[in-house]
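In: I'll drop the sequence and a predicted model, then ask my questions.
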Amino acid sequence: MESNLLTVSPSPHIHQEQTISRLMWDVIFAMLPAFAFSVYVFGLGALMVTLIAVLSAVFFEYMIAKHLLKREPDIMDGSAVVTGMLLAFNVPTNLPWWLVVIGSFVAIGIGKMSFGGLGNNPFNPALVGRVFLLISFPVQMTTWPVPFESRMSITDVVTGATPLGFIKDGLKNGESLISLMQEVPGHIDFFLGTQPGSMGEISGLLLIIGFLYMVIRKVITWHIPVIVIGTMFIFSGLLWFGNPDRFVDPLFQILTGGALLGAIFMATDYVTSPMTIRGIVIYSVGIGVITILIRVFGAYPEGISFAILIMNAFVPLLNKYLKPSRFGEKVKNG
Amino acid sequence: MFMFIFNKLKTFPKGGIHPPEVKISAEKPIERIPLPANIKVPIAQHIGVPATPVVERGGLVKTGQVIAKTAGFVSANIHAPASGKVAKISEELDVSGYRRTTIMIRVNKEEEWAEGIDTTDELRSEISLTREQILEKILEGGIVGMGGATFPSHVKLNVPRGKKADVLIINGVECEPYLTSDHQLMLEKSEELMVGVRILMKALDVKKAIIGIENNKKDAIDKLSLIAEKYDDISVDALKVQYPQGGEKQLIKALINREVPSGKLPIDVGTVVHNVGTTYAVYEAVQKNKPLIERVITVTGKSVKNPGNFIARIGTPVSALIDAAGGLPEDTGKVLSGGPMMGKALNDLGIPVTKGTSGILILPEKESARSKSKVCIRCSKCINVCPMGLEPFYLMTTIQRGMYDEAEQNRILDCIECGSCAYICPSNRELLDYIRLGKATVSNLIRERQSA
């Protein structure tokens, strides 16, 4: 004792060790396998895009907190790093650097800080940035580098369409699904990660490893990712079962188009997902259904970003009306 | 999530946490603390109306003599924990941190017991008293709930007209980390405890009793199960190690799958719960005519030299117990009466132990201060751990903004103050502090509404 005074405070007197920053660094850690693989597949571009996204996200958060909100910036909580990394995961690795910076600015400045910073934003900041870029710069945002080609170059790369984009264009031009499917890589390639696409979405296997890590570390629970993917699988499975010549198979749906990335890392964002189990079920089923609707009937080949943002908007309502089941509420004694 | 298929252990269904158990004083034999020179006996050691002192300054008292009489239905007798002279009756600090009426006794060297108290260790298993006589003895003996809530036991046993208990539950869970006093009592006084259970069954006129014990006390489970085999109507159930397994409503749900409705009591679902410490005190009061003047107390902490379990007379200063455990460690930052989840921090070590003191926990300086509170990131961990199905983050917001109606509708009064939400919050938010504040305000508002 430094003095003879005892500390007095109300109970509880012990606390678990998980803090916000430890949670955030665990999320970052869970993304590392997919990140490392991306650097291996896409080369320098992946590294550059990630670095620029993370540094600019942290920079904007710091500047806005300090000079606009006039409060002590808390960049060490890791949340801006997570947003930056997630943004990088959601863009092609040959995206010009200034577009990445714009994306970061929109994500942090508009998506997060304009609502008051961490804990207050209704929409997933990284997705706000990503969708802003997708709508404003559709050409750059949908030109994906081909895996293992031109790994040492950043901008001048061999590009190709994503599998979903390729099939959607093909169907629009009246080609048959069977012939189109023969031209895209097989399911196992998608699972392991040798498909064109956004930098972090390509390897299903490594994303699932990240998911398991987060569940074991109690960063997230299994509910949202499993329900989102399950809904997508069932819904697209029904369509495929009804007309296999018109709709792609459900496994293809969940392995492509960033479905796993979205379900595991974007839909599970604490701030923008519901807080009770009933809300979580509706939110996750909603994301699954809307994603497939956009992919099959909408203008975009991929839809999970929009689906998550749409369901984000319902979260306050879900939180307000779907309460947890209270102890002693339903009295059935026996 | 598939584990429960293989897991036979009973538990409550909603929420809960598993803090480090740190039961360092487990299986340390109970040691008796010598009588101190002075004893301080507060007259409010139970929930309800404080007892009325019936002795005066200068009067001589014998051990076990009533020194303050029960002053209402929800109240309890207080007995002299030692023989001696009443030095004064004054306002002294107690566990609550307030100064309250306390009877100070200067203890005699030669202990003199009141008439008719059996002070031997001899086991008396024959229950010869009638139901009414048993209730009388429990009332006279000043027995209160010794798990910490200190609710007068005779009140629980006087079942209101129109209600009926069909099963008695004995709480041997001891889910608070660190504490081991109930555990050790179950090991050393198993036979006596079983007699106590049968006395309570007779008092309640029930045909069934279940003793619930957390599975981290396997020796106690084995020992009591062995004795329980002699009785068809008493069983011992092992419970999953999960906090707050010993919460009354959680324990009832886990053991007999009945949910006490909001605002109701266990008797409304046909059961009464008593703690093992209380059960032992009932045995002593009924079989040995010995009132509640001493109890088993764990004195523990990571830096404590000889953590252990002690039996001390009520009124013994906390400092005497700490001395018995090897003295106050150098790095002490906080001293608690009770466990780390629900215990009260003491501001003075001269405070006496009372009927509800289950342990003295000494936390080192580095574990004493809270970390800085940050923003709510809506991770919903507080909701997931709440055993009552509440939304602690939301209740905190309603109280901060003075939305008391909203807090009431969201069942703030159902909170059992177990502290799981504040324990789990990654932002170190003061969830339970605000909820406690809100409970008090909401209760007052309801009372005003009802009297208007």
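Out: The structure has been received and is ready for your questions.

In: For the stretch 1-150 of chain A, which residue gets nearest to chain B?
Out: Residue nearest to chain B within the stretch 1-150 of chain A (Cβ to the nearest Cβ): A:P12, separated by 3.3 Å. Where you see a C-beta, it was placed from the backbone N, CA and C, and this is true even at glycine.

In: Next one: that residue from A:P73, what distance?
Out: According to Cβ to Cβ, to the nearest Å, A:P12 stands 30 Å off from A:P73.

In: thinking again about what came up before, what's the burial count for the residue of the stretch 1-150 of chain A closest to chain B?
Out: 26 (other Cβ atoms under 10 Å in any protein chain shown).

In: contacting residues around the nearest residue in space to it that is not next to it in sequence?
Out: Nearest residue to A:P12, sequence neighbours excluded (Cβ to Cβ, 6 or more residues apart in numbering or on different chains): B:G419, at 3.3 Å. By Cβ atoms under 8 Å, 6 or more residues apart in numbering or on different chains, B:G419 lies in contact with A:S11, A:P12, B:M341, B:M342, B:L432.

In: host element of the fourth one?
Out: In other words, B:M342. According to DSSP states H and E, B:M342 maps onto no helix or strand at all.

In: isn't it right next to B:G148, touching?
Out: Yes. Counting by Cβ atoms under 8 Å, B:G148 is a contact partner of B:M342 at 6.6 Å.

In: of these two, who's got more company?
Out: B:M342 (25 against 21).

In: For the nearest residue to the more buried one once chain neighbours are set aside, grab the count of nearby residues.
Out: Spatially, and ignoring its direct neighbours in sequence, B:M342 is nearest to A:S11 (5.1 Å; Cβ to Cβ, 6+ apart). As a burial measure, A:S11 scores 22 neighbours (other Cβ under 10 Å).

In: One more: A:G186?
Out: 12.

In: now do B:E132
Out: 9.

In: Please, which helix or strand holds it?
Out: Applying DSSP H and E, one finds B:E132 within helix B:131-140.

In: And that helix, how far out from the chain middle?
Out: A distance of 21 Å separates the centroid of the chain from that of helix B:131-140, by Cα atoms, centre = their mean, to the nearest Å.

In: ok, residues contacting that helix?
Out: Taking Cβ under 8 Å, 6+ apart as the rule, helix B:131-140 contacts B:66, B:70, B:77, B:129, B:153-154, B:157-158, B:199, B:202-203, B:205, B:282, B:285-286, B:289, B:291.

In: Please repeat the previous calculation with a cut-off of 10 Å.
Out: B:66, B:70, B:75-77, B:79, B:127, B:129-130, B:143-144, B:152-158, B:199-200, B:202-205, B:278, B:281-282, B:284-287, B:289, B:291-292 (Cβ atoms under 10 Å, 6 or more residues apart in numbering or on different chains).

In: What residues of stretch B:18-32 count as buried?
Out: B:P19, B:E21, B:V22, B:K23, B:S25, B:A26, B:K28, B:I30 (16 or more other Cβ atoms under 10 Å in any protein chain shown).

In: Report whether it contacts chain A.
Out: Yes. Stretch B:18-32 lies within reach of chain A by Cβ under 10 Å from any Cβ of the partner chain, at B:H18, B:P19, B:P20, B:V22.

In: would JSON lines of those residues with pLDDT, secondary structure and distance to A:F42 be doable?
Out: Formatted as JSON lines, these follow (pLDDT from 0 to 100; DSSP: H, G, I helix; E, B strand; the rest coil; distance: Cβ to Cβ, whole Å):
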{"residue": "B:H18", "pLDDT": "95", "secondary structure": "coil", "distance to A:F42": "43"}
{"residue": "B:P19", "pLDDT": "96", "secondary structure": "coil", "distance to A:F42": "45"}
{"residue": "B:P20", "pLDDT": "96", "secondary structure": "coil", "distance to A:F42": "44"}
{"residue": "B:V22", "pLDDT": "96", "secondary structure": "coil", "distance to A:F42": "49"}
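
In: In TSV, list those residues along with distance to A:E183.
Out: Listed next are the residues of stretch B:18-32 next to chain A as TSV, based on distance: Cβ to Cβ, whole Å:
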residue	distance to A:E183
B:H18	53
B:P19	57
B:P20	57
B:V22	62
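
In: and which of these is nearest to chain A?
Out: Using Cβ to the nearest Cβ, B:P19 is the member of these that sits closest to chain A, with 5.9 Å.

In: circling back to that earlier point, nearest to B:I43 among the contacts of B:G419?
Out: Using Cβ to Cβ, B:M342 is the member of the contacts of B:G419 that lies nearest B:I43, at 23.5 Å.

In: Just list the residues touching that closest one, thanks.
Out: Contacts of B:M342 (Cβ under 10 Å, 6+ apart): A:10-13, B:148-149, B:175-176, B:243-244, B:246-247, B:336, B:358, B:416-419, B:432.

In: ok, now B:E174?
Out: Counting by Cβ under 10 Å, 6+ apart, B:E174 has contacts B:23, B:147, B:180-186, B:213-214, B:216-217, B:220, B:245-246, B:275-277, B:298, B:339, B:358-359.

In: One more pass at 7 Å, please.
Out: B:D182, B:H183, B:E214, B:G246 (Cβ atoms under 7 Å, 6 or more residues apart in numbering or on different chains).

In: how many neighbours does residue 63 have?
Out: Went with chain A since none was named. By other Cβ under 10 Å, 14 other residues sit near A:M63.

In: nope, chain B
Out: 25.

In: just how off-centre is stretch A:250-265 within its chain?
Out: 10 Å.

In: quick one: low-confidence parts of chain B?
Out: Residue ranges of chain B with pLDDT under 70: B:1-7.

In: Please identify the residues of the stretch 51-200 of chain B in proximity to chain A?
Out: B:P177 (Cβ under 7 Å from any Cβ of the partner chain).

In: how about the strands in the stretch 101-250 of chain A?
Out: A:144-145, A:159-160 (DSSP state E, counting those that start in this stretch).

In: So which of those strands is the most surrounded?
Out: Mean neighbour count (mean count of other Cβ atoms under 10 Å in any protein chain shown) peaks for strand A:144-145 among those, with a mean of 26.

In: What about the contacts of helix B:131-140, which are in helices?
Out: B:153-157, B:199-200, B:202-204, B:278, B:281-282, B:284-287 (DSSP state H).

In: Which residues are in contact with the closest residue to B:G64 other than its chain neighbours?
Out: Of all residues not flanking B:G64 in the chain, B:A114 sits nearest, at 4.0 Å (Cβ to Cβ, 6+ apart). B:A114 sits next to B:K62, B:T63, B:G64, B:Q65 when contact means Cβ under 7 Å, 6+ apart.

In: how about 6 Å then?
Out: Going by Cβ atoms under 6 Å, 6 or more residues apart in numbering or on different chains, B:A114 touches B:K62, B:G64, B:Q65.

In: ok, it to B:S83 distance?
Out: 8 Å.

In: overlap in contacts of those two?
Out: B:K62.

In: Which single residue in chain B comes nearest to chain A?
Out: B:G419 (3.3 Å).

In: Count residues in the vicinity of B:D414, would you?
Out: 19.

In: wait, doesn't it sit right on B:S262?
Out: Yes. Between B:D414 and B:S262 there is a contact under Cβ atoms under 6 Å: 5.3 Å.
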